[in-house]
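# got a sequence here, can you build the structure:
(chains A and B)
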Amino acid sequence: MSKLIIDGVSKRFGTTEVLKKIDLEVANGEFVVIVGPSGCGKSTLLRIVAGLEDQTAGRILIGDRDVSLMPPSKRGVAMVFQSYALYPHLTVEGNMTLGLRQARTPKETIAQRLAEAVRILELDPYLKRKPAQLSGGQRQRVAIGRAIVRQPEVFLFDEPLSNLDAALRGQVRIEIADLHRRLGATMVYVTHDQIEAMTLADRIVVLNDGIVQQIGTPSDLYRRPANTFVATFIGSPRMNVLAGRGAGSRVELDEAGSLPTDIVVQGPVTVGVRPNGFDVSADIAEGLVGSLMGEEYLGAESYLHVKMGNGGLAVVQVHPDHGWKIGQKLALRLRPGNLHLFDGQTGKRLER
Amino acid sequence: MPSARRHLAGEATAHAILIIYTVIALAPVILVVMNSFKSRASIFGQPLVPPGPATFSLIGYATVFKRGNFPHYFENSLIVTIVSLLMIVVFGAMAAFALSEYRFRFNRLTGLYLALGIMIPIRLGTVAILKIMVGLGLADTLLSLILVYTAQGLPLAIYVLSEFMRQVSDDLKNAARIDGLSEYVILFRLVMPVVRPAIATITVFTMVPIWNDLWFPLVLAPGEATKTVTLGAQSFIGQFVVDWNAVLASLTLAIIPVLVLYILFSRQLMRGLTAGAIK
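Okay, here's the model as predicted:
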């Protein structure tokens, strides 16, 4: 059963089309992350689901009700904002209960839900404080608490971690994942950070230019990206993308050499190999040949920057004690099953 | 340390200029207050000397409270000023919220039209306003003054408040919408407290001209029942004889309410004036 259905939603601002016929179904209890570069329309989509923005076309269904024309408060959603958006003149308690009091919820119910949210988020010591007296992480917890007490059908998160510093971001990320597990709630989460998307999501929706590029589990997206955009957007460091030409059971990369493939293809293709998809060897008789331009040493691993014969640049993950010298000629050999091929024109994934 | 000395010199110059300005600005006020406590002879004999045991006199205040309906004039002034202020702030905030928050056709044009009033003095329309008020049967009522002052104060209020409201976080308003708060509650309970410094600024800047205005009370409401303080003070200025004690006393009394309100708002006012400058 689907909790949230986005049915053919489009959005136009004047003449610019921000969202082009988006379709998405979110199952009950699912954690869906919408990810994309800034300006791809992901926040607009979330705001349309919340009812803060009107769609130009299409419908929104939440829990089998068509909520397309309902005001935000009647849709059964709760939203957590990037800037926390706590009411500055209310205490933590006031912030969390305002929505319920507005809906004239009985006092006992409010007290009971508040107590539960406070217990889950460990907000007890801060109940009587004003938002200005809280740290960034605490404020975001209050904002999440405000969402929890409403017991919504769908939680909406709009880049909730972007205002936190790196260390705190990791910690709150784990808290959100934990919260999702414990509440079993349906959540839609918008971010531009693919690491957040990969670590949190049951399913990821990759959005670019107002078009859904791919919907799938994190491992789907990592292993079988539908096009070059998804291939380069998901995964860090990003996938190496090189121009090549299909020639039967091999792909030619001009002076750089050629790679074996089991996809029979002719004509221009885009070759994608992740940094961990190569083995490096000194024997330049086979694979792609290039010279070592630089290195990023990270302790547990190193990334080699290899300039290929055809001018392309490849990043290769190796063991930090590799012993290669800058300027040295290297061969990059493909590990089996690590080659992604995309159509040279459309960028679409080619399958056997 | 030449740089420190130069710094000191610069600060001294700045302070000297400010002190001179303060003296120039305050001198007439001090003169009025000082002389209001003196007898008539000493006002003319030694106008620049503060009241001493020989020259001290409360005759001016006595006249003000005995003759004329001075407390009543005070009441009129207070009613007109406070009601006008309330209407300016409430309607100004509502218009500013609409302009800053909602997308609709002619939004910018409407904003420009409403701001036009800042540049065109309302007194140019005195004759037309008088005709309208007479036609509506509002001549010689406090309501006519309130309406005119509200119209006079709204343009600046809308202009300033809409600029401030644009800076209020969208997320905050959206969070409130999801919590089911109406647009009115969002405006009056969430946005207004955030732009409080701007409201204090508006209040002071519109209050003073209303309180001090002589023109519209004289034209629209000169009757005894509707006289304001500034107009009442004029009654001591005769064609041949001027009761200076009473004039100065009434002017001194007229300063008090403005002063009280200013002190109440001054902290917010400073923040409003310097918003954006500091930070």
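
# gap between the helix or strand bottoming out on mean pLDDT in chain B and the chain center?
Using mean pLDDT, DSSP states H and E, helix B:244-274 stands out as the lowest-scoring helix or strand of chain B, at a mean of 80. Relative to its chain's centre, helix B:244-274 lies at 9 Å (Cα atoms, centre = their mean, to the nearest Å).

# and it, what does it pack against?
Applying 3 or more Cβ pairs under 8 Å, 6 or more residues apart in numbering or on different chains; DSSP states H and E, one finds that helix B:244-274 contacts helix B:2-35, helix B:40-45, helix B:59-66, helix B:70-101, helix B:196-212, helix B:229-234. For glycine as for every other residue, the C-beta is placed from the backbone atoms N, C-alpha and C.

# list the buried ones in it?
Using 16 or more other Cβ atoms under 10 Å in any protein chain shown as the burial criterion, the residues of helix B:244-274 that qualify are B:244-254, B:257-258, B:261, B:265, B:268-269, B:272.

# who in the stretch 151-279 of chain B is up against chain A?
Applying Cβ under 8 Å from any Cβ of the partner chain, we find that the stretch 151-279 of chain B lies next to chain A at B:169, B:171-172, B:174-181, B:190, B:193-194.

# one more pass at 7 Å, please.
Applying Cβ under 7 Å from any Cβ of the partner chain, one finds that the stretch 151-279 of chain B approaches chain A through B:169, B:171-172, B:174-175, B:177-181, B:190, B:193-194.

# among those, which are in strands?
Using DSSP state E, no member of those falls in strands.

# what subset of these is buried?
Using 16+ other Cβ under 10 Å as the burial test, those include B:Ser169, B:Asp171, B:Leu172, B:Asn174, B:Ala175, B:Arg177, B:Ile178, B:Asp179, B:Gly180, B:Leu181, B:Leu190, B:Val194 as buried.

# what's the burial count for the nearest residue to A:His192 once chain neighbours are set aside?
Nearest non-adjacent residue to A:His192, counting by Cβ to Cβ, 6 or more residues apart in numbering or on different chains: A:Ser38, 5.7 Å away. For A:Ser38, the neighbour count with other Cβ atoms under 10 Å in any protein chain shown is 8.

# kindly report the same for the one 5 residues further on.
The burial metric for A:Ser43, expressed as a neighbour count using other Cβ under 10 Å, is 20.

# same question for B:Asp170.
Neighbour count of B:Asp170, defined by other Cβ under 10 Å: 14.

# mind pulling up the pLDDT for it?
On pLDDT, B:Asp170 comes in at 89.

# need the three-state assignment for the residue of the stretch 1-150 of chain B found nearest chain A.
Using Cβ to the nearest Cβ, the single residue of the stretch 1-150 of chain B nearest to chain A is B:Arg103, 9.3 Å away. When classified by DSSP: H, G, I helix; E, B strand; the rest coil, B:Arg103 comes out as coil.

# which residue packs closest to B:Val258, ignoring adjacent ones?
B:Trp211 (5.5 Å).

# and stretch A:53-60, which residues are buried?
Neighbour counts over stretch A:53-60 (16+ other Cβ under 10 Å) mark A:Glu53, A:Gln55, A:Gly58, A:Ile60 as buried.

# and A:Pro237, how many neighbours?
Using other Cβ under 10 Å: A:Pro237 sits among 13 other residues.

# hmm, I typed the wrong one, I wanted B:Ala25.
B:Ala25: 9 surrounding residues under other Cβ under 10 Å.

# what is the longest helix seen in chain A packed up against?
Counting residues, the longest helix in chain A under DSSP state H turns out to be helix A:166-183. The contact analysis (3 or more Cβ pairs under 7 Å, 6 or more residues apart in numbering or on different chains; DSSP states H and E) places helix A:166-183 against helix A:136-149, helix A:194-200.

# low-confidence ranges in the stretch 1-150 of chain A?
For the stretch 1-150 of chain A, the stretches with pLDDT under 70 are A:1.

# tell me where it has strands.
Ranges of strands in the stretch 1-150 of chain A, per DSSP state E, counting those that start in this stretch, are A:2-13, A:16-27, A:31-35, A:57-62, A:65-66, A:77-80.

# to chain B, which of those strands lies closest?
strand A:77-80 (5.2 Å).

# for the closest one, C-alpha coordinates in CSV please.
Listed next in CSV are the C-alpha coordinates belonging to strand A:77-80 (Å, rounded to 0.1, in the frame of the first residue of the first chain):
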residue,chain,number,x,y,z
VAL,A,77,2.2,16.0,6.9
ALA,A,78,4.9,17.5,9.2
MET,A,79,8.0,19.2,7.9
VAL,A,80,11.5,19.8,9.3
